[in-house]
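Undergrad: Pasted the sequence and its predicted model underneath.
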Amino acid sequence: MTAWTVMLRGIRYRAGRSFVVLLLAVTATTAAVLAPAYSRAAQQSVLTDGLTGATGLTVGAKGTQDSAAFLDLAEIRLVMNAALDQDRLLGDRLGRPVAAIDTEVTYAGAGARLAYRQDVCAQLRLEGDCPDEPGEVAVSRRTADAHHLRAGDSIAVHLGPVGAGRDKTFKISGLYSPKDADAAYWGRTAYFSAGSDGEGERADSLFSLTEEDLRAEPGATLSTRLEYPLRAERVRLDDVPGLRDSLRALAGRMRSHELEVTTTLPAVLQAVDAQQGAIARTAPVIAVPLLLLCWFVLFLLVASLTEERGPEIALAKLRGYPAGRAARFGLGEVLLLTAAAVPVGLAAGLGLVQAAASALLAPGVHAELRWPVFAAAGIALAASVGAALLAARATLARPVLGLLRRVPERRGWRAGLAEGIVVALAAASLVAAAGDRTSPLALLAPPLLALVLGIAAARLLGLWSAARLRLARRRGRIVPLLSAAQLSRRPGGQRLVVVLTVAVALLSFAATAWDVAARARGDAAEDAVGAQRVYTVDAPHPDALEAAVAEADPGGHAMAVVRASQRFDNAPIELLGVQSDRLADVAVWRGHTREQVGGVAARLHPSAPDPLRLGRELGAEVSVDALPAKPALRLAAIVAGPGQPPRTVTLGPLARGTHGYHAALVGCTAGCRLIGLAVGRSAGGSDPFAVTVAVRTLSSDGEPLAPGFDLAGRWRARPAANGGNTVTVRAGAALGIDVSGSDPADAVVEHVDTPDTLPAVLAGGAPADDAEAAAFSLPGFSDQPQPFTVAARADSLPRAGRRAVMFDLDYATRLAERTASLADNGSLRYEVWAAAGAPADLAARLGARGVQVLGTETIDGFTERLARGAPALGLRLYLLAGGAAILLALGVVLLSAYVGVRARLYELAALRVAGVRAGQLRRALLREYRALLGLPLVAGLAAGVAGALVMLPGVPLVTVGEPAGSFSYEPGFGALPVALGLTVLGLLVTVVLVLRLLGRATPPRLREGGQ
């Protein structure tokens, strides 16, 4: 009979035990494969997610006839095709480009964009024909309705700058409406922005499919480009270095043709690198404890099996087997099963990673069979063989009489030394964690702490069992006697306690970290988004955005938000202008109830007079008792249209007596606001003068205004630079204005329709010398500093962070429009925040009112994106490792029942014959396993939670590089209770299997002997 035959028959003879051995070996190999395979998939997921939001690249130029902007698109395409033919790596990862040309024009009294965009008619709903012939354009249905245009009409379009350029007549071939104004096809260009901007009315784009029509005016500024989308799913990890080189090379080639490459890919790849680096650092820290646990389990496995086969090895030695052959006889079955487990474990590990990738990672990410995976499996096999040799050495070295003994050997000094080393390492890791929780040694603190508690629990179990055994002997209680005797004399039981404690600790740490991180991700998403849905939009100015939101959502479930950034003490400060009356119904402000938000909103919008809205004409009745001989004086009004800069409109020269003054308000089609009145010189000069003016009434379009002349403080003098004229305002039935001085500038009296200082909610220190100051000045929506008063303080503001100022949008806009234009302020960022009750088609409604939606964020989407970031992916690996550890522990529990089962059945059968009832044996067995499994379950849970409390404050849980800091854990239905429930269920199933196995301890078993 060959050695192979002996091993195979032995495996078959001990089928149940062999299956458990194979299962443990497969689990160990699977655990070893998990770290490299999952890390690779997670890094690919981060890369795919990061590139999915990237805009690809754009190649083109902007300028007049003497620039590359006037090149034919075919020429640019040929240049790019030649470059991409030389660089297939980049070419294969870019999609089909969209060619585009556009230039600013005016037509029908409105500003617009004349645009060529490849295949545009497929993206439009057309009433008429596609403008594919020279001299034809398509006009939006919205613009056509506003200007009474229809298909077949001719329209004069001015190309080039105002005051220059030329007019060109186009035929309207059709009227269009976009099928999806937010589709990726349109890129980042705002083609549909009809409305009113700071310069007047703006219309949607005119589309032409003839390039020459756009190049008809040499002085026009053209933007000519090819927009290449990125095929993110084709970019693999190995492509990244080459992709960076390709982008640099492409930019150099295009510069030689006076073309510019615009792309966000380098910045995106740099951000992705940080997350990939975090995953690469996390994986070994997770893998090391798991691999050590696997090694220890394999060590226990071989040690137990070899010890069980001690009598067989003794018989082999008695029959003359040399030491080497006896060792092969004792280890052959285990090594064969361990080797057979490697391909199965490899396939199981890759299958588990593939399942995780399909369910949790970015689309298109798969488990990859690469050399690190084979290396991990090889290391697992080598560790298994090493553990087998080390574990079997002591048993194989015993003499024959020692192998035939049935009494377990006592623990040696080596075990105590190993335990001392573990305790020392655990203490060192805790010291390292106190200084830097992110250091590799500190990250090993949780498993080392669990190992120390496992050792302590095992020692405690031994002492407790010995004490219970003595007590049971004295009292004569059979059930405690039997359970305590088994626990005190089984050295494998204490090893089992260590394994189970470490496994439960790993799983409970991972589950606690996941629950805390999930809560932190939800909080971070609420803070970062600020509302259930947030639309980033392109709007002409704040007033236009407010009007569009009011029409799109009359129910008040959405609000306009305007953002800007300022700096103080070299630190950024985010400015947030919100519609206070809608804030409580829309904003998600963590830590604040709706009532609290409503209270804050009320403080942001104290009572103030309504603005004086004007029509197309302004009239005033004014009395002047005395006029100086010279200089000649005039009365003027300062008005501002929505988004427009304030302008001075002369009402007429001042004359003695009571007179009516009138002026047409050109350009106030959208409604202007009266900023104030001005008294000044009709011509230049610096002659001193003094005059008293009484403004009796104001009217617009023949309707009287309510200026509140009789209310103190409703009108006030605007402070003049360098002192200026002396201006005094007197309230009464008529507004009295006294002006004296020699300053050539106008004396301005403003209508007060805002608070004196703008109430604000402040997050962080005040932007002043005193961080606790109750008032400060900061430029708001204009370059001029505005006075703020702190109405409330908060730790952070929704969507603005911990260094921000929030104030009422309406008041801030009125203040800014006193001195500046908001329509041409490129620093303003426009958003629309929407609550759950906002219309589902809010984006379409906004687009129909000239507010183009550029992007959409939701709290759920942001949370999902965070869940695919590096910290969350690392925590998922922790959960997988914890699950693998529990499976190993359950396997060890089963193995402990199978090893020596024949001897145990013999003992139980003998006890039955001696008169011990079956119920007593069953209760003794249950008590034994209750202590054997319950103690490590409690100790492991305590170790895992304690490790989480120690480590999580210094570990990034939401974003890379940002430790969690303070965190909260609220008990609930999360990963921790689910993990503990499954663990307890697995232990119960294991105990049931053990009970069924030992149920075969019947008196006929005594005929078989105890070996």
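TA: Looks like it came in fine.
Undergrad: What segments of the stretch 151-300 of the chain are helices?
TA: Ranges of helices in the stretch 151-300 of the chain, per DSSP state H, counting those that start in this stretch, are 211-214, 240-255, 265-308.
Undergrad: which of the residues in the first one are buried?
TA: In this case it means helix 211-214. For helix 211-214, a neighbour-count test (16 or more other C-beta atoms under 10 Å) marks Glu211, Asp213, Leu214 as buried. In this view, the C-beta of every residue, glycine as well, is placed from N, C-alpha and C.
Undergrad: Give the rounded mean pLDDT of it.
TA: Across helix 211-214, the average pLDDT comes to 89.
Undergrad: Name the residue closest to the centre of this structure, please.
TA: Note on the chain: the residue nearest the mean C-alpha position is Leu866, at 3.6 Å, using C-alpha atoms, centre = their mean.
Undergrad: Distance-wise, check it relative to Ala816.
TA: Noted for Leu866: a distance of 35 Å to Ala816, by C-beta to C-beta, to the nearest Å.
Undergrad: And Ala939, by the same measure?
TA: In terms of C-beta to C-beta, Ala939 sits 64 Å off from Ala816.
Undergrad: in the stretch 151-300 of the chain, which ranges drop under the pLDDT threshold?
TA: Residues of the stretch 151-300 of the chain that meet the criterion pLDDT under 70 lie in 194-200, 281-288, 295, 298-300.
Undergrad: which stretches of the stretch 651-800 of the chain have low pLDDT?
TA: For the stretch 651-800 of the chain, the stretches with pLDDT under 70 are 669-670, 721-723.
Undergrad: That one: strands as residue ranges?
TA: Here the stretch 651-800 of the chain has its strands, by DSSP state E, counting those that start in this stretch, at 657-664, 672-681, 689-700, 703-704, 715-717, 726-730, 735-741, 747-751, 758-763, 775-779, 785-794.
Undergrad: In JSON lines: those strands, plus distance to Val991.
TA: Below are these laid out as JSON lines (distance: least, C-beta to C-beta, whole Å):
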{"stretch": "strand 657-664", "distance to Val991": "94"}
{"stretch": "strand 672-681", "distance to Val991": "80"}
{"stretch": "strand 689-700", "distance to Val991": "89"}
{"stretch": "strand 703-704", "distance to Val991": "89"}
{"stretch": "strand 715-717", "distance to Val991": "85"}
{"stretch": "strand 726-730", "distance to Val991": "91"}
{"stretch": "strand 735-741", "distance to Val991": "93"}
{"stretch": "strand 747-751", "distance to Val991": "84"}
{"stretch": "strand 758-763", "distance to Val991": "55"}
{"stretch": "strand 775-779", "distance to Val991": "68"}
{"stretch": "strand 785-794", "distance to Val991": "54"}
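Undergrad: Pipe those strands into a markdown table and attach mean neighbour count per row.
TA: As requested, those are exported to a markdown table (neighbours: other C-beta atoms under 10 Å):
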| stretch | mean neighbour count |
| --- | --- |
| strand 657-664 | 14 |
| strand 672-681 | 23 |
| strand 689-700 | 18 |
| strand 703-704 | 10 |
| strand 715-717 | 19 |
| strand 726-730 | 15 |
| strand 735-741 | 20 |
| strand 747-751 | 23 |
| strand 758-763 | 24 |
| strand 775-779 | 17 |
| strand 785-794 | 17 |
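Undergrad: So which of these is nearest Arg519?
TA: strand 785-794 (20.1 Å; C-beta to C-beta).
Undergrad: Give me the helices and strands touching the closest one, please.
TA: Contacting strand 785-794 under the criterion 3 or more C-beta pairs under 8 Å, 6 or more residues apart in numbering; DSSP states H and E are the following elements: helix 594-604, strand 758-763, strand 775-779, helix 809-817.
Undergrad: at 6 Å what do you get?
TA: Contacts defined by 3 or more C-beta pairs under 6 Å, 6 or more residues apart in numbering; DSSP states H and E place strand 785-794 against strand 758-763, strand 775-779.
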